[in-house]
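Asker: sequence-free structure coming up:
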C-alpha cells in the first residue's frame, strides 16, 4: 500500500524572489483564496497550514479527486503496458522496458556505435533496422507514449474542473470516461 507523503514532505513551498516555483505535489492557497491541491505556487500565494491540509484532504471531494487521478493513471499505464503500436506491419511494445531499450539503442545509433540492429518486436518477429528505420520506429513509439500522457492530462483537467465529490464519482462510474480517448492503432 502506498504511504501518503508527510506534511513536511509537501511543504517546501517558498518561491524565490518573484519567481514561480514548480511544485510536484503541494497544498496552498492561491491569490484568489482557493485551496490548491497540486500546481505551481506563485508569488502572493501562501502555503496551507498543516491543519488546513488535514481538514481539506480528508473531505469527500479530495478523496474522490485522488481516486479519479489514481484510476486515470491506471488507465494510462494499462494502455502503455498492455498496448503498443503497429509500425510497418510490426507490433511494437511501448511499455517502460521497451521504451528504455529504444532510448538506449537510439543513442547508440546517434553516436555511431551501431549501424543496424536486429530488433525483436512484441509479437516475436525480428526486423533488421538501419538507423533511419529504427529512429522512425522509436519516434512513432514516443508519439504514442506522449499521446497517452496528453490524454491523461486532459482527463485530469476534466475531473479537476468538477467542484463536487458526487460529480467526480459519477464521472468514474461511467466506464467510457476511463476507457476511451486513448490512442489506438490496432495493437
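Answerer: Structure received. Bear in mind that the values here come from a model prediction, so they are computed numbers and not experimental data.

Asker: count the neighbours of residue 114 for me.
Answerer: By the criterion of other Cβ atoms under 10 Å, residue 114 has 14 neighbours. C-beta coordinates here come from the backbone N, C-alpha and C atoms, glycine included.

Asker: that's a helix at it, yeah?
Answerer: No - counting by DSSP: H, G, I helix; E, B strand; the rest coil, residue 114 is not part of a helix but coil.

Asker: I figured it hits residue 106, correct?
Answerer: No - if you go by Cβ atoms under 8 Å, residue 114 and residue 106 don't touch, sitting 10.1 Å apart.

Asker: low pLDDT regions in the protein?
Answerer: Filtered on pLDDT under 70, the chain yields the residue ranges 1-41, 54, 56-58, 185-187.

Asker: at 80 instead, please
Answerer: Within the chain, the segments meeting pLDDT under 80 span 1-59, 185-187.

Asker: distance check, residue 115 against residue 99.
Answerer: Going from residue 115 to residue 99 by Cβ to Cβ, to the nearest Å gives 22 Å.

Asker: brain fart, residue 112
Answerer: As for residue 112, its distance to residue 99 is 22 Å (criterion: Cβ to Cβ).

Asker: okay, these two: which has more neighbours?
Answerer: residue 99 (18 against 8).

Asker: the more buried one: which element?
Answerer: Assigned by DSSP states H and E, residue 99 belongs to helix 96-110.

Asker: quick one: residues contacting the residue nearest to the spatial centre of the chain.
Answerer: Central residue of the chain (Cα atoms, centre = their mean): residue 149, 4.8 Å from the mean position. Taking Cβ atoms under 8 Å, 6 or more residues apart in numbering as the criterion, residue 149 is in contact with residue 76.

Asker: SS state for it?
Answerer: Put simply, residue 149 is helix when judged by three-state DSSP.

Asker: use 218 as the first number for this chain going forward.
Answerer: Okay, using 218 as the starting number, the last item reads as residue 366.

Asker: look up how far residue 294 lies from it.
Answerer: With distances taken as Cβ to Cβ, residue 366 is found 11 Å from residue 294.
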